[in-house]
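> Using only what follows, build the 3D model:
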Amino acid sequence: MNLLIVDDDPLVCESLELLLSREQDLQVVGTASNGAEAITFCHRIDVQLILMDIQMPTMNGIEATKQLMQLYPNLLIIMLTTFHDEQNIKLALAAGAKGYLIKSTDVTKMAHSIRSVASGSSVFDPRVIETLLTPKENILSELSKREQSISQLVAKGLSNKEIATQLFLSEGTVRNNLSTILDKLELRDRTQLAIYYLQNKESD
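Numbers count the residues shown, from 1 in each chain. Modelled structure (predicted):
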């Protein structure tokens, strides 16, 4: 099986290339330092499976996975990263990754995981499974009354201007509070905030 290793740390690439090449049925055909390089490489060389880091310059692993799956639907991608937070896991799976491993994974287990994915299975590090199964703590109660009011109005679909008018605030104050709310809840945008608020409001 032809493997491509994608990581912005040259030592990680070199180590994995050396160790995985010892497996008779696995051949590392190249390495790339970011997602854009990975896409270019796949245009030139037949790659069957990619071990993909997430945090990389130029293009991260999740965006690269998304684009590669559109270009090469049969390509297999396993995320290999130090991050196992819920957001990255879900984004990676939504992009089309077939597995999610942590970099500290033993190489023998990694090789076994590669073969499992090649045979049609999905593979996840035990820590990843634990993250997915552990209920996310509802921390709406930790927001100030103003932040809770803004969250509620966002969930109702109001714009910043409409929220400012209703709460007698400036739009700038609403924007600043919204940024703080997203940081506290570890969310990306107002859409995620609306969904989170609607899912958790009853338990507060």
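
> in which helix or strand would I find the residue most central in space within the chain?
Closest residue to the average C-alpha location of the chain: residue 88 at 2.4 Å, with Cα atoms, centre = their mean. Residue 88 is part of helix 86-95, with elements assigned from DSSP states H and E.

> Does the residue nearest to the centre of the chain touch residue 62 like I think?
Yes. Residue 88 is within contact range of residue 62, at 7.2 Å (criterion: Cβ atoms under 8 Å). The way it works is simple: take the backbone N, C-alpha and C, and place the C-beta from them, glycine included.

> Spell out which residues are contacts of both of these two.
residue 54 (Cβ atoms under 8 Å, 6 or more residues apart in numbering).

> Look through this structure and tell me its longest helix.
helix 171-185 (DSSP state H).

> now for the helix or strand just after it, which elements pack on it?
Note on helix 171-185: by DSSP H and E, the next helix or strand toward the C-terminus is helix 190-200. If you count contacts as 3 or more Cβ pairs under 8 Å, 6 or more residues apart in numbering; DSSP states H and E, helix 190-200 packs onto helix 145-155, helix 171-185.

> can you give me the offset of helix 190-200 from its chain's centre?
19 Å (Cα atoms, centre = their mean, to the nearest Å).

> got it, and stretch 116-126?
Centroid displacement of stretch 116-126 relative to its chain, using Cα atoms, centre = their mean, is 17 Å.

> Kindly report the same for stretch 18-34.
The answer for stretch 18-34 is 23 Å, by Cα atoms, centre = their mean.

> buried set for it?
19, 20, 23, 26, 28, 30, 31, 32, 33, 34 (16 or more other Cβ atoms under 10 Å).

> what does stretch 143-159 give?
Neighbour-count burial for stretch 143-159 [16+ other Cβ under 10 Å]: 143, 147, 148, 149, 150, 151, 152, 153, 154, 155, 158.

> got the contact list for it?
So stretch 143-159 is contacted by 140, 162-163, 166-167, 169, 174, 177-178, 180-181, 184, 190, 193-194, 197-198, 201 (Cβ under 8 Å, 6+ apart).

> quick revisit: could I get the buried residues of stretch 143-159 as TSV with distance to residue 45?
Formatted as TSV, the buried residues of stretch 143-159 follow (distance: Cβ to Cβ, whole Å):
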residue	distance to residue 45
143	50
147	51
148	53
149	55
150	50
151	48
152	52
153	52
154	46
155	48
158	51
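
> now the strands: where do they sit in the protein?
Secondary structure of the chain (DSSP state E): strands at 2-6, 27-32, 49-52, 76-81, 99-102, 123-124.

> Switch those over to a markdown table; also include distance to residue 42 and mean pLDDT.
Converted to a markdown table, the strands of the chain look like this (distance: least, Cβ to Cβ, whole Å; pLDDT from 0 to 100):
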| stretch | distance to residue 42 | mean pLDDT |
| --- | --- | --- |
| strand 2-6 | 7 | 98 |
| strand 27-32 | 9 | 97 |
| strand 49-52 | 8 | 98 |
| strand 76-81 | 11 | 97 |
| strand 99-102 | 18 | 95 |
| strand 123-124 | 21 | 94 |
